[in-house]
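Q: Okay, structure incoming, though there's no sequence with it:
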């Protein structure tokens, strides 16, 4: 009987049909992060025990759109972009665990099956969705990363619009944000 190979199904004799390569995985991309504050009781609804909303800024939420390029150690996906490029949108809240503040991903949508499989393998609550965001570029009509640039983003799943955002850049940030910008 032939041996089948591959990190993740489907596995074949060569292993080339595997949906995702073996770790380690590498990522680069553009992210648009919208941070806001909501009622801490709404954050509490999203956290399983023993997690609780963070003591400091318990209603802090970030909705993050990302346009990713990913690859395994061999970097084959860089030469076959359909295997490594994807978009995602995820919601992150601040939480407390044993007296320390952490960030927790409470919802996440991706637009490709390999990103869904890899995320579920890593323990993320991924679902399929339709994600779009303005891409920065140094030439042409696309906005540049500079004051006055305007970026848009949308998220839909199950044929329903779940979120949308428009952000205008004002100045470089002096902090890492208030949801993920903690030690």
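A: Sure thing, it's come through. For clarity, every value in this text was computed on a predicted model and none was experimentally measured.

Q: Report all helices and strands that the longest helix along the chain contacts.
A: Using DSSP state H, we find that the single longest helix of the chain is helix 113-122. If you count contacts as 3 or more Cβ pairs under 8 Å, 6 or more residues apart in numbering; DSSP states H and E, helix 113-122 packs onto strand 85-97, strand 100-110, strand 126-128. Any C-beta I mention is one placed from the backbone N, CA and C, and that applies to glycine too.

Q: need those in CSV with mean pLDDT and mean neighbour count, can you?
A: Shown next, in CSV, are those (pLDDT from 0 to 100; neighbours: other Cβ atoms under 10 Å):
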stretch, mean pLDDT, mean neighbour count
strand 85-97, 97, 21
strand 100-110, 96, 18
strand 126-128, 98, 16
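
Q: Of all those, which one comes closest to residue 39?
A: Closest to residue 39 of these is strand 85-97 (Cβ to Cβ; 11.9 Å).

Q: Buried residues, stretch 48-62. List them.
A: For stretch 48-62, a neighbour-count test (16 or more other Cβ atoms under 10 Å) marks 51, 53-54, 57-62 as buried.

Q: farthest pair in those?
A: Top of the distance list for those (Cβ to Cβ): 51 and 62, 16.4 Å.

Q: Tell me how many other residues crowd residue 161.
A: Residues lying near residue 161 (other Cβ atoms under 10 Å) number 10.

Q: State the helix or strand in which it lies.
A: According to DSSP states H and E, residue 161 maps onto strand 160-168.

Q: what's that strand packed up against?
A: strand 25-37, strand 60-72, strand 150-157.

Q: pLDDT below threshold where in the protein?
A: Low-confidence segments of the chain (pLDDT under 70): 1, 182-183.

Q: Using the three-state scheme, assign residue 174.
A: Judged by DSSP: H, G, I helix; E, B strand; the rest coil, the three-state class of residue 174 is coil.

Q: That one: neighbouring residues, count only.
A: By other Cβ under 10 Å, the residues close to residue 174 number 5.

Q: Could you tell me the phi and psi values at it?
A: Residue 174 adopts backbone torsions of phi -90, psi -10, taken as degrees, to the nearest 10.
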